[in-house]
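*Asks:* Structure of the sequence below:
(chains A and B)
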Protein chains: 2
Amino acid sequence: MIRIGIVGYGNIGRGVESAVTAAPDMEIAAVFTRRDPASVSTASGASVRSYDSIAEMKDDIDVLIICGGSATDLPWMTPELAGLCNVIDSFDTHARIPEHFANVDEAAKKSGKVGIISCGWDPGYFSLARIYADAALPDGDSYTFWGRGVSQGHSDAIRRIDGVADARQYTVPIQEAVDRVRNNEHPVFCARDMHLRECYVVAEEGADKEAIEQAIKTMPNYFDEYDTTVTFVTQEELDRDHSGLPHGGSVLRSGRTGNDLEFNNTIEYRLDLDSNPFFTGSILTAAARAAFRMNAEGQCGAKALFDVPPAYLSQHDRSELLAHML
Amino acid sequence: MIRIGIVGYGNIGRGVESAVTAAPDMEIAAVFTRRDPASVSTASGASVRSYDSIAEMKDDIDVLIICGGSATDLPWMTPELAGLCNVIDSFDTHARIPEHFANVDEAAKKSGKVGIISCGWDPGYFSLARIYADAALPDGDSYTFWGRGVSQGHSDAIRRIDGVADARQYTVPIQEAVDRVRNNEHPVFCARDMHLRECYVVAEEGADKEAIEQAIKTMPNYFDEYDTTVTFVTQEELDRDHSGLPHGGSVLRSGRTGNDLEFNNTIEYRLDLDSNPFFTGSILTAAARAAFRMNAEGQCGAKALFDVPPAYLSQHDRSELLAHML
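*Replies:* Numbering: from 1, shown residues only, chains lettered A, B, ... in the order given. Here you go, the predicted structure:
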């Protein structure tokens, strides 16, 4: 059994807990939290310990799955913990990936452990889809559409506006844009062409709704480059109709083959997820299996999913893959 | 430059030639044929040599891409050539893959070379889609739909019927079946539920068309388990409307996550190809890059694509993948 430590018990931590519990070859060593461990109770009954106890438990853990945030947790936490154990994270600040990779690589090479970073679905499975598609269709264009799904970053941004009690933001791909890519038109899009942003907002009593709507629609980076709709709802409506965390999207590549590039081809990889954090947790869990196997055969240092032979993610052994899944 | 030998110059060989010519890191060493080399002229101007000259040229070749048929060529050819060079094939007789793998493995371990088998899109990229999807959604069901596209095996089977001058068969996925999978209904299908077979047939003068149609529709394994349509056309119509080799299809997995399996998820990997052999040739070419890299770092023996880190297929280096494609 591969012994998994789960670091952080938010939405993704719960997703990992569920996936590890279901995996036939894994067990949870402990959940680690920076909160008071006594204040946390786990769905699986796994024991909860303080973050500071990881070092003393490191010989009882094969892989730590770090379920922290990319903005403030993972940049220091993944390198720190890679000094102790094999680690997995879902670092998703695209622009800072090379720097994060280098930091984890240095720590993991020193400790002789493996650290696989950015193992969610984007970055993660979507990255794999991009790389495989590009390798098969080098002459082409790749496109990523997200949604329809809840963006927690955009929801949080709305909540920080004066007069907003609660909010939920959906990123919505524009079907016409998807269809143009599928038709091999190789379009050049700006942000507004590819996605809409749908906001459901609970205003505080007496708040100026018009001012809130303006503040959302003009917010730099988050909303100003998109067509955005704002719908005011009651807290009850938000809780009833928008409490889930669905997400998904697609990676498309349209590329040409042939001596005169006369053949059009499209590759489409599409996800449709009722729960973003539980799916992310499931991929992190598969990545932990791979980290364990790679370290067991003597590898160390930072890795991305594109460094991992796909078979290492699978709970099935190679002979089964060869006979039944190839 | 990675020096590629192309073994066989049929449709897939031409696809490989085109992909290798376009690749910035590869060149064609030679095309090898069992026909009279003087009778073959290549689109790229690459030199043509006899199959028997491969052994004496082996030090000028980094990877041989073997473009033969799975029924009678590859079972002996891939092991034989793996004794000389790194090799790639597109062996696609699913039931015989473990045996073929073992034969290639033995030869390649003896020669210290790498042989990656079954590198088309099914088996190949579709196998990868199945394995990644199964790793992320272990509790679920996978489905493979083929088409709309030309099945050369089924077209050949029709051509062998008395009174048939020419034929083309399209495999067509049934949209309602695809939709049921996407809707997470986890259906159990028989062959007839998933695909239709559309046949375009040129009858010889005076042939009994009704007998031909009956012979097609009742042919065991090929047609009897499917709803099949037969349309008689002239040779001119067949050449005009059905001369291409388009194909494609989709791998779908519908799986549940959550502590009570309360979340539905679908993963869909879809290909839409104007030319089946040119796309297959393109994947074989990417696999050759991977075989070269794996052998250069000391690996040997038979591999499947699920043994290959995705980055090894890419013409981009790791730092570029990390910065731009993760």
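
*Asks:* Relative to residue A:67, how far out is residue A:9?
*Replies:* 7 Å (CB to CB, to the nearest Å). For every residue, glycine as well, the C-beta is placed using N, CA and C.

*Asks:* Neighbour count: the two, which is higher?
*Replies:* Neighbour totals were compared for residue A:9 and residue A:67, and residue A:67 leads with 29 against 23 (other CB atoms under 10 Å in any protein chain shown).

*Asks:* and that one, what does it touch?
*Replies:* A:6, A:7, A:8, A:9, A:10, A:12, A:13, A:16, A:90, A:281, A:284 (CB atoms under 8 Å, 6 or more residues apart in numbering or on different chains).

*Asks:* can you do 6 Å?
*Replies:* Neighbouring residues of residue A:67 by CB atoms under 6 Å, 6 or more residues apart in numbering or on different chains: A:8, A:12, A:13.

*Asks:* do residue A:116 as well
*Replies:* Counting by CB under 6 Å, 6+ apart, residue A:116 has contacts A:88, A:287, A:291, A:303.

*Asks:* Excluding chain neighbours, what is closest to residue A:126?
*Replies:* Closest residue in space to residue A:126, ignoring its immediate chain neighbours: residue A:251 at 5.1 Å, by CB to CB, 6 or more residues apart in numbering or on different chains.

*Asks:* Quick check: which element contains that neighbour?
*Replies:* strand A:247-257 (DSSP states H and E).

*Asks:* quick revisit: filter the contacts of residue A:116 by proximity to chain B?
*Replies:* Subset of these in contact with chain B: empty, counting by CB under 6 Å from any CB of the partner chain.

*Asks:* Most neighbours among those, which one is it?
*Replies:* Neighbour counts for these (other CB under 10 Å) peak at residue A:88, which has 32 neighbours.

*Asks:* rewinding a little: in this structure the residue nearest to residue A:126 contacts residue A:269, no?
*Replies:* Yes. Taking contacts as CB atoms under 6 Å, residue A:251 lies within contact range of residue A:269: 4.5 Å.

*Asks:* Touching both of those two, which residues are there?
*Replies:* Here residue A:251 and residue A:269 have residue A:129 as joint contacts, going by CB under 6 Å, 6+ apart.

*Asks:* Let's see the pLDDT reported for the most centrally placed residue in chain A.
*Replies:* What sits nearest the mean C-alpha location of chain A, by CA atoms, centre = their mean, is residue A:120, with 3.3 Å. Residue A:120 is assigned 96 on the pLDDT scale.

*Asks:* how close does it get to chain B?
*Replies:* Separation of residue A:120 from chain B (CB to the nearest CB, to the nearest Å): 10 Å.

*Asks:* do you know how far residue A:126 is from residue B:131?
*Replies:* In terms of CB to CB, residue A:126 sits 17 Å off from residue B:131.

*Asks:* And those two? Which one has more around it.
*Replies:* Set side by side, residue A:126 and residue B:131 show more neighbours around residue B:131, with 23 against 20, by other CB under 10 Å.

*Asks:* Domain map for chain A?
*Replies:* Domain ranges of chain A: A:2-121+A:277-324, A:140-260, per automatic domain parsing.

*Asks:* Using CSV, lay out those domains together with distance to residue B:52.
*Replies:* Output for the domains of chain A, formatted as CSV (distance: least, CB to CB, whole Å):
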stretch, distance to residue B:52
domain A:2-121+A:277-324, 32
domain A:140-260, 28
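
*Asks:* right, so those: which one is the most enclosed?
*Replies:* domain A:2-121+A:277-324 (a mean of 21; mean count of other CB atoms under 10 Å in any protein chain shown).

*Asks:* how long is it end to end?
*Replies:* Domain A:2-121+A:277-324 has an end-to-end distance of 24 Å (CA to CA, to the nearest Å).

*Asks:* Stretch A:21-38 too?
*Replies:* 21 Å.

*Asks:* That one and chain B, are they touching?
*Replies:* No. Stretch A:21-38 lies out of reach of chain B by CB under 6 Å from any CB, never closer than 6.7 Å.

*Asks:* Could I get the full set of helices for the stretch 51-200 of chain A?
*Replies:* A:54-57, A:74-82, A:97-111, A:125-136, A:152-159, A:175-182, A:191-194 (DSSP state H, counting those that start in this stretch).

*Asks:* so for the longest one, what's the average pLDDT?
*Replies:* Spelled out, it's helix A:97-111. Rounded mean pLDDT across helix A:97-111 is 98.

*Asks:* Which strands and helices lie in contact with that helix?
*Replies:* Secondary-structure packing of helix A:97-111 (3 or more CB pairs under 6 Å, 6 or more residues apart in numbering or on different chains; DSSP states H and E): helix A:74-82, strand A:301-303.

*Asks:* Now do that helix and helix A:74-82, the angle between them.
*Replies:* Helix A:97-111 and helix A:74-82 meet at an angle of 20 degrees, taking axes from the mean of the first three to the mean of the last three CA atoms, to 10 degrees as the criterion.

*Asks:* contact partners of helix A:97-111?
*Replies:* Contacts of helix A:97-111 (CB under 6 Å, 6+ apart): A:78-79, A:82-83, A:91, A:115, A:117, A:300-302, B:322-323, B:326.

*Asks:* which two from the residues you listed end up farthest apart in space?
*Replies:* Greatest spatial distance in these: A:83 and B:323, 24.8 Å, computed using CB to CB.

*Asks:* can you pull the contacts of residue A:181?
*Replies:* Contacts of residue A:181 (CB under 6 Å, 6+ apart): A:143, A:252, A:254.

*Asks:* which residues does the last one form a beta bridge with?
*Replies:* On the basis of DSSP bridges, residue A:254 is bridged to residue A:141, residue A:266.

*Asks:* Would you agree it is in contact with residue A:265?
*Replies:* No. Using CB under 6 Å, residue A:254 makes no contact with residue A:265, being 7.3 Å away.

*Asks:* What residues does the stretch 1-150 of chain A have near chain B?
*Replies:* Within the stretch 1-150 of chain A, the positions near chain B by CB under 6 Å from any CB are A:18, A:43, A:97-98, A:101, A:118, A:123, A:127-128, A:130-131, A:135-136.

*Asks:* which of these sit farthest apart?
*Replies:* For the residues of the stretch 1-150 of chain A next to chain B, with distances taken as CB to CB, the pair at the greatest spread is A:43 and A:136 (40.8 Å).

*Asks:* Check what contacts the longest helix along chain A and list those residues.
*Replies:* Ordering each helix of chain A by length in residues (DSSP state H) puts helix A:276-296 first. Residues outside helix A:276-296 that contact it (CB under 6 Å, 6+ apart): A:2, A:4, A:11-12, A:15-16, A:19-20, A:62-63, A:65, A:86, A:88, A:90, A:114, A:116, A:119-120, A:124, A:245, A:247, A:273, A:308, A:312-313, B:135-136, B:257-258, B:263, B:265.

*Asks:* What of stretch A:236-249?
*Replies:* Residues from elsewhere that reach stretch A:236-249, judged by CB under 6 Å, 6+ apart: A:145-147, A:149-150, A:166, A:168, A:200, A:202, A:271-277.

*Asks:* Spit out the contact partners of residue A:190.
*Replies:* Counted by CB under 6 Å, 6+ apart, residue A:190 has zero contacts.

*Asks:* pretty sure residue A:145 contacts residue A:171?
*Replies:* No. In terms of CB under 6 Å, residue A:145 does not count as a neighbour of residue A:171; the distance is 9.0 Å.

*Asks:* Could you list the low-pLDDT ranges of chain A?
*Replies:* For chain A, applying pLDDT under 70 flags no range at all.

*Asks:* can you tell me the helix or strand for the spatially closest residue to residue A:157 that is not a sequence neighbour?
*Replies:* Leaving aside its chain neighbours, residue A:157 sits nearest to residue A:222 (4.8 Å; criterion: CB to CB, 6+ apart). Using DSSP H and E, residue A:222 sits within no helix or strand.

*Asks:* right, and residue A:222 touches residue A:158 too?
*Replies:* No. The criterion here is CB under 6 Å, and residue A:222 misses it with residue A:158 at 8.3 Å.
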